[in-house]
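Undergrad: What follows is a protein structure lacking sequence information:
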């Protein structure tokens, strides 16, 4: 059994990792700037954000892991050797289809040498894009994963479903996001009302959409339909 000291230490480490607020408005700004840059950078960062994948999982995504008709991606090489499906928006599915063209094998995102990106390279791409977008916060791939989790939680997605979406083996790990989300929500109330009321189009689906899609993937769809 985990000792109290170990539990407190691990929880402090997790909380420290998500203590910085990186709301969806920052993610939107990051992605928009990435699309202004050359190459596939915009699509790469958008996919990283919307899938909530760990960078180690993201670099191993294969072309055959994308199911366009079902609008989902299989994260096959997940942490702990477990695989999971994550839903994607129709817009992202279409962009990925266009990105791949006639390519049916290989990695979803490849270097110009047709090899997979290294995690370090993805970290550099995210960091460089954030700097060019004049985002002063320290931005790294795992922060995007935190951002999508807290955003979905604030939109009402059940924490058990967020656990499945992120691929956490323990609910306690996901519950840290609930604590972070409360702090972020309190901070957001201190901002001007206008900044909170801007419409975020095609960046994230509604929590209801994600919840329904995850249920369907697990064979528990309430009526077989989806609000997406």
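TA: On my side now, so go ahead. These figures come from a predicted structure and were not determined experimentally.

Undergrad: What count of nearby residues applies to residue 56?
TA: The number of residues packed near residue 56 is 13, by other Cβ atoms under 10 Å. To be clear about C-beta, it is placed using only N, CA and C from the backbone, and glycine gets the same treatment.

Undergrad: gap between it and residue 28?
TA: Distance of residue 56 to residue 28, given as Cβ to Cβ, to the nearest Å: 25 Å.

Undergrad: cool, residue 123 as well?
TA: From residue 123 to residue 28 the distance is 20 Å (Cβ to Cβ).

Undergrad: Strands of this protein, residue ranges please.
TA: 66-67, 72-75, 84-87 (DSSP state E).

Undergrad: I'd guessed residue 82 sits against residue 167; true?
TA: Yes - the criterion here is Cβ atoms under 8 Å, and residue 82 meets it with residue 167 at 6.6 Å.

Undergrad: Looking at the two, which has the bigger crowd around it?
TA: Set residue 82 next to residue 167 and count neighbours by other Cβ under 10 Å: residue 167 wins out with 19 against 11.

Undergrad: quick one, what contacts the more buried one?
TA: Applying Cβ atoms under 8 Å, 6 or more residues apart in numbering to residue 167 gives the contacts 54, 57, 75, 78-80, 82, 84.

Undergrad: and it, what are its phi and psi?
TA: Dihedral pair for residue 167: phi 80, psi 30, per degrees, to the nearest 10.

Undergrad: the bottom helix or strand of this structure by mean pLDDT?
TA: Scoring the helices and strands of the chain by mean pLDDT, DSSP states H and E places helix 193-196 at the bottom, with a mean of 36.

Undergrad: Okay, now the unreliable bits of this protein?
TA: Scanning the chain for pLDDT under 70 picks out 1-22, 178-228.

Undergrad: Let me see the ranges of the helices in it.
TA: Here the chain has its helices, by DSSP state H, at 4-17, 24-36, 41-51, 55-58, 90-100, 119-132, 141-154, 159-166, 171-188, 193-196, 207-217.

Undergrad: List the contacts of residue 37.
TA: Contacts for residue 37 (Cβ under 8 Å, 6+ apart) come out as 129, 132.

Undergrad: try 10 Å this time
TA: 45, 125, 128-129, 132-133 (Cβ atoms under 10 Å, 6 or more residues apart in numbering).

Undergrad: Report the separation between it and residue 29.
TA: According to Cβ to Cβ, residue 37 and residue 29 sit 13 Å apart.

Undergrad: Show me the common contact partners of those two, please.
TA: With contacts defined as Cβ under 10 Å, 6+ apart, the residues shared by residue 37 and residue 29 are residue 133.

Undergrad: rewinding a little: top of the contacts of residue 37 by neighbour count?
TA: Ranking these using other Cβ under 10 Å puts residue 45 first, with 25 neighbours.

Undergrad: Surely it touches residue 125?
TA: Yes - Residue 45 is in contact with residue 125 according to Cβ atoms under 10 Å; the separation is 7.3 Å.

Undergrad: what touches both of these two?
TA: Shared contacts of residue 45 and residue 125 (Cβ under 10 Å, 6+ apart): 34, 37, 141.
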